[in-house]
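Asker: structure for this input, please:
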Amino acid sequence: MKNLTLKIIVIILFIFQFVLMVKAFFILKDFILDISNKTLISQQDKIFLSATFLVWIIVSIVFVILFLNFSTKKEKIVIEDPSKKKIVASKEKKMKEEEEEKRKLIEIEKNKDVIVKILLNGLNTNLNLKDYSDKLLSNLSKQYELVQGMVFIRNNQDIFKKSGTYAFYQEDEAQDFKEGVGIAGQVAINKEIINISNLPEKYLTVLSGLGSSAPTNLIIFPIIFENKVIGIVELATFVKMDKYAEQILMVLSKKLGEHINQITKN
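Answerer: Numbering: from 1, shown residues only. Sure, this is the predicted structure:
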């Protein structure tokens with residue numbers, strides 16, 4: 001709209017200037033043709049010619065200003081446009097990511113109870129610790145494509161001892177540990193999940209009919225009962241588990257704590 005107004009003003013000024021210049025041309029023409037007769041230019045024509053000259057100067061200045069202004073704007077557009085596009089694209093990407101984040105949060109809240117029920121399927125307090133642990137790891141493997149796992153339960157001496165495994169193979173037996181010892185021991189102290197990616201080569205080995213392979217991701221979460229860590233679960237995967245899986249596992253943690261506390265009492 002602004003550009004259109006400027007164009008109209010320029011056209012009007014051009015027409016106005018053109019009319020004045022034509023009139024001035026005829027006045028000067030008559031004066032030149034009658035110069036031999038020594039005809040003088042009338043006072044009115046002198047004023048008109050002076051005004052025409054003044055208008056010509058003003059209009060010329062306006063044209064120059066408008067031209068420079070238009071050129072500067074054009075240059076700015078050329079220079080700034082790519083960065084503006086990047087900023088807009090970045091904002092749109094951020095908005096999409098935030099919307100996706102909200103959608104996933106809503107989805108996880110809807111499905112949290114359902115997933116926990118699936119993970120607890122077949123788990124009851126009538127099982128012994130080994131069978132319970134093995135069944136838990138089997139359920140986790142179906143839900144999260146687990147490739148290896150271990151469950152450790154705290155005994156009366158506050159030592160975490162292995163109670164169940166899934167696809168576990170190592171030349172050395174899994175070592176018992178106490179709070180604060182190793183990564184699992186740190187989880188026992190902090191009562192928080194640890195999700196590690198890019199594990200060192202040969203940190204864990206999984207054997208199958210297809211040969212051996214090394215998972216690159218490890219997730220360790222606590223089993224909690226009455227704000228005390230009574231167990232630790234270690235899961236190895238080829239694909240990193242996201243924070244939504246972490247939320248599910250922490251909800252599961254307290255459910256498992258209730259079961260295991262009941263089993264150890266029996």
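Asker: what sits up against the one helix or strand Ser163 maps to?
Answerer: Element membership for Ser163 (DSSP states H and E) is strand 160-166. Here strand 160-166 makes contact (CB atoms under 8 Å, 6 or more residues apart in numbering) with 129-134, 136-138, 140-141, 146, 148-155, 173-174, 176-178, 184-185, 188, 231-232. Placement of C-beta: from N, CA and C, glycine included.
Asker: next secondary structure after that strand?
Answerer: Counting by DSSP H and E, what follows strand 160-166 is helix 182-190.
Asker: how about Phe177, what does it touch?
Answerer: 152, 159-160, 184-185.
Asker: sorry, slip of the keys, the one I care about is Asn124.
Answerer: His259.
Asker: go on, Gly149?
Answerer: 137, 140-141, 165-168, 233-236.
Asker: if we use 10 Å, what do you get?
Answerer: Neighbour list for Gly149: 133-134, 136-138, 140-141, 164-168, 219, 233-237 [criterion: CB atoms under 10 Å, 6 or more residues apart in numbering].
Asker: just Val229 next, same as before
Answerer: 154, 160, 179, 185, 187-191, 221-223, 253, 257.
Asker: how big is the angle separating the strand holding Ser163 from helix 182-190?
Answerer: 110 degrees (axes from the mean of the first three to the mean of the last three CA atoms, to 10 degrees).
Asker: avg pLDDT for strand 160-166?
Answerer: The pLDDT scores in strand 160-166 average 92.
Asker: do you know how far Asp131 is from Glu226?
Answerer: Using CB to CB, to the nearest Å, Asp131 is found at 24 Å from Glu226.
Asker: who has more neighbours, those two?
Answerer: Asp131 (15 against 9; other CB atoms under 10 Å).
Asker: circling back: out of the contacts of Phe177, which are buried?
Answerer: Among the contacts of Phe177, the ones that count as buried by 16 or more other CB atoms under 10 Å are 152, 160, 184-185.
Asker: now the element after the helix or strand hosting Glu99, going C-ward?
Answerer: In this structure, Glu99 is located in helix 43-119 according to DSSP H and E. Downstream of helix 43-119, the first helix or strand assigned by DSSP H and E is helix 129-144.
Asker: quick check: mean pLDDT across the next helix-or-strand element following that next one?
Answerer: Note on helix 129-144: by DSSP H and E, the next helix or strand toward the C-terminus is strand 148-154. The average of the pLDDT scores along strand 148-154 is 93.
Asker: and strand 148-154, C-alpha only, in CSV?
Answerer: What follows is strand 148-154, C-alpha atoms only, in CSV (Å, rounded to 0.1, in the frame of the first residue of the first chain):
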residue,chain,number,x,y,z
GLN,A,148,19.8,-57.7,28.0
GLY,A,149,18.8,-57.0,31.5
MET,A,150,19.5,-57.7,35.2
VAL,A,151,17.6,-57.2,38.5
PHE,A,152,19.4,-56.6,41.8
ILE,A,153,17.5,-56.8,45.2
ARG,A,154,18.8,-55.3,48.4
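Asker: re the thing from before, ok, the contacts of Phe177 vs Glu101, which is closest?
Answerer: Ala184 (30.1 Å; CB to CB).
Asker: ok, the closest one touching Phe152?
Answerer: Yes - with contact defined as CB atoms under 10 Å, Ala184 reaches Phe152; the gap is 6.8 Å.
Asker: what do those two both touch?
Answerer: Residues touching both Ala184 and Phe152 (CB under 10 Å, 6+ apart) are 160, 174-175, 177, 220, 232-234.
Asker: show me the chain divided up by domain.
Answerer: 2-95, 120-265 (automatic domain parsing).
Asker: if you average pLDDT over the first one, what comes out?
Answerer: To tie it back to what came earlier, the one meant is domain 2-95. Per-residue scores along domain 2-95 average to 65.
Asker: likewise stretch 184-199?
Answerer: Stretch 184-199 comes out at a mean pLDDT of 90.
Asker: buried among the contacts of strand 160-166? Need that as a selection in PyMOL.
Answerer: Buried residues among the contacts of strand 160-166 (16+ other CB under 10 Å), as a PyMOL selection:
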select buried, resi 129+132+133+134+136+137+138+140+141+146+148+149+150+151+152+153+154+177+184+185+188+231+232
